[in-house]
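here is my input, please return the structure:
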Amino acid sequence: MTSDLAEELSLLSISEDLVPSTGETPSQEVILAFDGLLCPPLVLQTNETECGGKLWPAGIVLAEYLLRNKMDEIVGKKIIELGAGSGLVGLALAIGLKSTGVRTTTIHLTDGHPPLLSLLQHNIDLNTPNLGNSTTVLPYLLSWGHPISPTIPSPPDILLAADCSYLESNVPLLTATMEALMGNDTVCYFCYKKRRRADKDMIRKLSKLFEVDEIKEWQKDGVFLYEINKGKSILGAGQTRNGL
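Sure thing, here's the model as predicted:
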């Protein structure tokens, strides 16, 4: 994470626990340029009254990592974001793809909370004028643990998940959905902010189902980033390739 982005996070006053205070504005517009990586910048409407409508720390970290390191791999691919909320990660990529070429890229922003679909659509509409003609962004309702709707094309080439483990009770449902969506060639970028001891156990459980690699150079302020691939890990039970 760059120092400029860390400052941007501070200026946005993203709290550690993301519990709304009584003084918060229910809705506000935020502009994110990611230290000049996005031109024009991303414009987002947030909803502080909805858990998923906030700006989450892991979403900002994941978006910056992908913008800096993975755009050549993402262009032309089919992408699904889980728990998209306001659409931060997927829409940042959509704007970043504008200058990468003419290959068609489709980004499917999914969330399991119906009221957030209108927020997703609003943010898609806000940023559509800044997208390239070869990039399509679509919102979908996807409740974790339920059968995948045929309207959601799977398996994707890229699966994104940022701060999807905020509610511990949802982790088994999230894991089941990841298993259902991921194909043999799917790459998942999984980012979360550690808030409890059980978070490390979550990664250990994921490593029993998938090959999990921590991207250690992007660990900062309790935010962890992983690259996950399909297939049961060949490592010892409960270990990632970095020894967790």
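
quick check: closest non-adjacent residue to Leu91.
Nearest residue to Leu91, sequence neighbours excluded (Cβ to Cβ, 6 or more residues apart in numbering): Asn127, at 5.3 Å. Where C-beta positions appear, they are placed from N, C-alpha and C, glycine not excepted.

now do the strands in this protein.
27-32, 42-47, 78-82, 105-111, 135-141, 158-162, 187-193, 211-214, 223-229 (DSSP state E).

can you redo the ones you listed as JSON lines with mean pLDDT, distance to Ala94 and mean neighbour count?
Shown next, in JSON lines, are the strands of the chain (pLDDT from 0 to 100; distance: least, Cβ to Cβ, whole Å; neighbours: other Cβ atoms under 10 Å):
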{"stretch": "strand 27-32", "mean pLDDT": "90", "distance to Ala94": "13", "mean neighbour count": "14"}
{"stretch": "strand 42-47", "mean pLDDT": "90", "distance to Ala94": "9", "mean neighbour count": "20"}
{"stretch": "strand 78-82", "mean pLDDT": "97", "distance to Ala94": "9", "mean neighbour count": "25"}
{"stretch": "strand 105-111", "mean pLDDT": "95", "distance to Ala94": "6", "mean neighbour count": "25"}
{"stretch": "strand 135-141", "mean pLDDT": "95", "distance to Ala94": "5", "mean neighbour count": "19"}
{"stretch": "strand 158-162", "mean pLDDT": "97", "distance to Ala94": "12", "mean neighbour count": "25"}
{"stretch": "strand 187-193", "mean pLDDT": "96", "distance to Ala94": "15", "mean neighbour count": "23"}
{"stretch": "strand 211-214", "mean pLDDT": "96", "distance to Ala94": "26", "mean neighbour count": "18"}
{"stretch": "strand 223-229", "mean pLDDT": "96", "distance to Ala94": "20", "mean neighbour count": "21"}
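
quick one: which of these is nearest Ile60?
strand 27-32 (7.5 Å; Cβ to Cβ).

partner strands of that closest one and their direction?
Taking DSSP bridges as the criterion, strand 27-32 sits next to strand 42-47 (antiparallel) in its sheet.

pull the strand it pairs with out as PDB, backbone CA atoms only.
C-alpha atoms of strand 42-47 as PDB (Å, rounded to 0.1, in the frame of the first residue of the first chain):
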ATOM      1  CA  LEU A  42     -14.100   6.900  -9.300                       C
ATOM      2  CA  VAL A  43     -17.200   8.600  -7.900                       C
ATOM      3  CA  LEU A  44     -19.100   6.600  -5.300                       C
ATOM      4  CA  GLN A  45     -22.300   7.200  -3.400                       C
ATOM      5  CA  THR A  46     -22.000   5.500   0.000                       C
ATOM      6  CA  ASN A  47     -24.800   4.600   2.400                       C
END
